[in-house]
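# Sequence below, structure please.
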Amino acid sequence: MILGTGYTGRRLYHQARETGWKAFATSRKPDTHLSDIAPEHRILFDLAQPETWQSIPVPAHIIWCFPATPLHLVQAFFADRPSASGRMIVMGSTSAYGTNCGSVTEQTPPNDHLPRVQGEEYLRTRFGAVIIRLAGLYGPGRNVLDWMRKGRIRNTQKWVNLLHVEDAAGICLQALERAPDGATYLASDGIPRTWAEIFSFASSKWNIPIPPPTRLQETGKHVSIHTLLTDLNYTLRFPDLYQALDRIEGNSSA
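Take a look at the predicted model:
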């Protein structure tokens, strides 16, 4: 059961079906938002509407794809579900660690003042949920180069960590099969880069103009994926950002 089927959830659904899972996708407006998913696999679910909670069967593995907030509704939803109702994967974000924290590993304490982190940690400690804290996601329909062309990205020395959406989905499925209960993993392509570096390459490869440098107080962070590669034994499908962007550009042109 994919709760909250947005950009990543769609890829997760299709990957799961391709690998033999009986996957189902939920949305607050399934017929409108899930038109690319078979009608028999669409389910109405809205955390803010308790009358929709019964549409999530028991037992079922759950992959939670939206912020686990507000906490009182998260607690209420799981209060009526048996503790042995299936495994749970929760998609988090590396923003849980802030922006000026240097190198980050699974041992780095997240900001527990954030409502999202409170929800994630409740699910991890109470139900053994596996937390996947994802770096910035890109892929088809979320092209980093288009962000640059539209002026959404500034030319700074801030470190950025990125991850292809196909890897985000693949990591969640592998964690569902292999991760121990209560584990936390950080997920990126493993190569922190500055936006200035990405602009420099994009300018030479795709003729994208480099805007004037902007100085920021934020330095960003370096996300380590050592645990993901060793303990979870995940192999990245798109380890090279620039090769992945070239593929996205080629498919867009086609």
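# Can you tell me how far the closest residue in space to residue 190 that isn't next to it in sequence is from residue 132?
Once flanking residues are discounted, residue 190 sits nearest to residue 225: 4.5 Å by C-beta to C-beta, 6 or more residues apart in numbering. The C-beta positions use only the backbone N, C-alpha and C, and glycine is treated the same way. Between residue 225 and residue 132 the distance is 11 Å, computed by C-beta to C-beta, to the nearest Å.
# out of the two, which sits in the busier spot?
The residue with more neighbours, out of residue 225 and residue 132, is residue 132; 26 against 23, by other C-beta atoms under 10 Å.
# looking at the chain, which helix or strand is least sure?
One helix or strand of the chain scores below all others by mean pLDDT, DSSP states H and E: strand 100-104, with a mean of 90.
# Send me that one as PDB with only the CA atoms.
The C-alpha trace of strand 100-104 is given here as PDB (Å, rounded to 0.1, in the frame of the first residue of the first chain):
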ATOM      1  CA  ASN A 100      24.800  23.900   7.900                       C
ATOM      2  CA  CYS A 101      25.800  20.600   9.500                       C
ATOM      3  CA  GLY A 102      28.800  19.300   7.500                       C
ATOM      4  CA  SER A 103      29.000  15.600   7.100                       C
ATOM      5  CA  VAL A 104      25.800  13.700   7.900                       C
END
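# can you pull the contacts of residue 17?
For residue 17, the contacting residues are residue 23, by C-beta atoms under 8 Å, 6 or more residues apart in numbering.
# follow-up on the earlier one: now for residue 225 and residue 132: what residues contact both?
Residues touching both residue 225 and residue 132 comprise residue 187, with contact defined as C-beta under 8 Å, 6+ apart.
# do you know how far the residue nearest to residue 190 is from residue 191?
Where residue 191 is concerned, residue 225 sits at a distance of 9 Å (C-beta to C-beta).
# just residue 27 next, same as before
Taking C-beta to C-beta, one finds residue 27 at 33 Å from residue 191.
# With neighbour numbers in mind, choose between those two.
Each of residue 27 and residue 191 has its neighbours counted (other C-beta under 10 Å); residue 27 has more, 21 against 13.
# Please verify my assumption that residue 122 contacts residue 71.
Yes - taking contacts as C-beta atoms under 8 Å, residue 122 lies within contact range of residue 71: 6.3 Å.
# re the thing from before, give me the phi and psi angles of the residue nearest to residue 190.
phi -120, psi 20 (degrees, to the nearest 10).
# List the contacts of it.
By C-beta under 8 Å, 6+ apart, residue 225 lies in contact with 186, 187, 188, 189, 190.
# quick one: which two of the residues you listed are the most distant?
Using C-beta to C-beta, the contacts of residue 225 reach their maximum pairwise distance at 186 and 189, which is 11.5 Å.
# overlap in contacts of those two?
Residues touching both residue 186 and residue 189 by C-beta under 8 Å, 6+ apart: 135, 225.
# With neighbour numbers in mind, choose between those two.
Remark: of residue 186 and residue 189, residue 186 carries more neighbours, 26 against 22, as counted by other C-beta under 10 Å.
# can I assume that one sits in a helix?
No - secondary structure assignment (DSSP: H, G, I helix; E, B strand; the rest coil) places residue 186 in strand, not in a helix.
# I'd like to know how far it sits from residue 165.
Going from residue 186 to residue 165 by C-beta to C-beta gives 17 Å.
# what's the answer for residue 194, then?
In terms of C-beta to C-beta, residue 194 sits 22 Å off from residue 165.
# I appreciate the help and will end here.
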